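Trainee: dropping a prediction and its sequence here:
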Amino acid sequence: MWWFQEGLCVLPVALVVWTAATFIFAYITAVILRHVDPLVPYISDTGTVAPERCVFGIMLNVSAFLGVATMYVRYKQLEALLQVDDARTNRLNFVGFVLGCGSSLGMCVVANFQKTTLFSMHLVGAALTFGVGALYVFLQTLLSYFMQPRIHSKSMFWTRLSIGAWTLASIVCSILPPITENKLMVFVSSVIMYSILPGVEVNKKLHWTPGEPGFTPHIISTISEWSLALSFISFFLTYIRDFKKINLRAVVELESEHLYHSQHPQPGSARGAAETSPLLTGSI
């Protein structure tokens, strides 16, 4: 058995590899077609112009689906490991799953609403992806702290804490105080740098020239965004070892031998007419 066939560790591996491939493919395509500058463009800029935006949107939607699947498995795993009477950690586990779904929803919004077409919705998606996603990272780190040493090792907690610190540092760098450059007030954002530049729509600006007003804050902003995205990807790598120890299965439990709305009893059948759809159950 190959290592990625153990348990469900293929899920976080697929999430990381697919998301990284999405960013790399969009970047290479946008640079080759000269839609963006090679020097650290925004991630969103690499998926703004056709044809790369079409593939970028599809691949990022798949990443969002893989993200929800990975977070659901994590939720069910902790639900099985945590003690029933431990209300605090069980509550945090559920909140973490909700935050993870919110972050994945934001990823879909970012993928399908380009900043050059519908800027406000793109910002909402970015806030969900990065803001709510950061909360998910911090909450899972906190859960790792509460579960050591019985369930989680201290080394795993410190690894996730380090990645959480990396995420926090990227966020701090992306919201630097206003920088004065050539008497223009420039704000740096992890998603978009907006500034007072006469006659320029910054959200539609895909090419920057070294030395022009706002270039330095722009580079700081883009580096912070890539750093933040990489910190998220790295966090899911810590799930690989944990997911080797869990399998999910769907248990089908028939309560009727037909699919009619009314009763049609079959010979020798003592089952009722109702039919239920069981949830996925976890096995550690």
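Mentor: That came through, no problem.

Trainee: and F232, what's its pLDDT?
Mentor: F232 is assigned a predicted lDDT (pLDDT) of 89.

Trainee: for M107, see how far away the nearest residue to it once chain neighbours are set aside is.
Mentor: Using Cβ to Cβ, 6 or more residues apart in numbering and skipping the chain neighbours, the partner closest in space to F232 is G133 (5.7 Å). From N, CA and C alone the C-beta is placed, and that goes for glycine too. From G133 over to M107 the distance is 8 Å, taken as Cβ to Cβ, to the nearest Å.

Trainee: same deal with M71?
Mentor: Distance, M71 to M107, by Cβ to Cβ: 12 Å.

Trainee: just R160 next, same as before
Mentor: Computed as Cβ to Cβ, the R160 to M107 distance reads 21 Å.

Trainee: again, but for F243
Mentor: Taking Cβ to Cβ, one finds F243 at 20 Å from M107.

Trainee: low-scoring stretches of this protein, by residue?
Mentor: For the chain, the stretches with pLDDT under 70 are 1-5, 174-209, 211-214, 262-284.

Trainee: hey, where'd the helices end up in it?
Mentor: According to DSSP state H, the chain carries its helices in the segments 10-32, 52-81, 87-112, 119-126, 133-147, 154-174, 215-237, 239-243.

Trainee: L39: which of the ones you listed is closest?
Mentor: Among the helices of the chain, the nearest to L39 by Cβ to Cβ is helix 215-237 (7.3 Å).

Trainee: tell me which residues of that closest one come out buried.
Mentor: 216-222, 224-236 (16 or more other Cβ atoms under 10 Å).

Trainee: what do you get for stretch 86-104?
Mentor: 89, 92-93, 96-97, 99-104.

Trainee: equivalent analysis for stretch 119-134, please.
Mentor: Burial within stretch 119-134, assessed by neighbour count using 16+ other Cβ under 10 Å, is assigned to 119, 122-134.

Trainee: send the alpha carbons of that stretch over as CSV?
Mentor: Output in CSV follows, covering the C-alpha atoms of stretch 119-134 (Å, rounded to 0.1, in the frame of the first residue of the first chain):
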residue,chain,number,x,y,z
PHE,A,119,-14.8,44.6,-7.5
SER,A,120,-17.1,44.7,-4.5
MET,A,121,-18.0,41.0,-4.7
HIS,A,122,-14.4,40.1,-5.3
LEU,A,123,-13.5,41.9,-2.0
VAL,A,124,-16.2,40.0,-0.1
GLY,A,125,-14.8,36.7,-1.4
ALA,A,126,-11.3,37.7,-0.5
ALA,A,127,-12.3,38.7,3.0
LEU,A,128,-14.0,35.3,3.4
THR,A,129,-11.1,33.4,2.0
PHE,A,130,-8.3,35.1,3.8
GLY,A,131,-10.0,36.5,6.9
VAL,A,132,-12.3,33.6,7.8
GLY,A,133,-9.6,31.2,6.6
ALA,A,134,-7.1,32.7,9.1
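
Trainee: what sits up against stretch 36-51?
Mentor: 23, 26-27, 29-31, 33, 35, 52-53, 56-57, 60, 110-111, 114-116, 122, 126, 191-192, 206-208, 219, 221-223, 225-226, 229 (Cβ atoms under 8 Å, 6 or more residues apart in numbering).

Trainee: just the buried ones from these?
Mentor: 23, 26-27, 29-31, 35, 52-53, 56-57, 60, 110-111, 114-116, 122, 126, 191-192, 206, 208, 219, 221-222, 225-226, 229.
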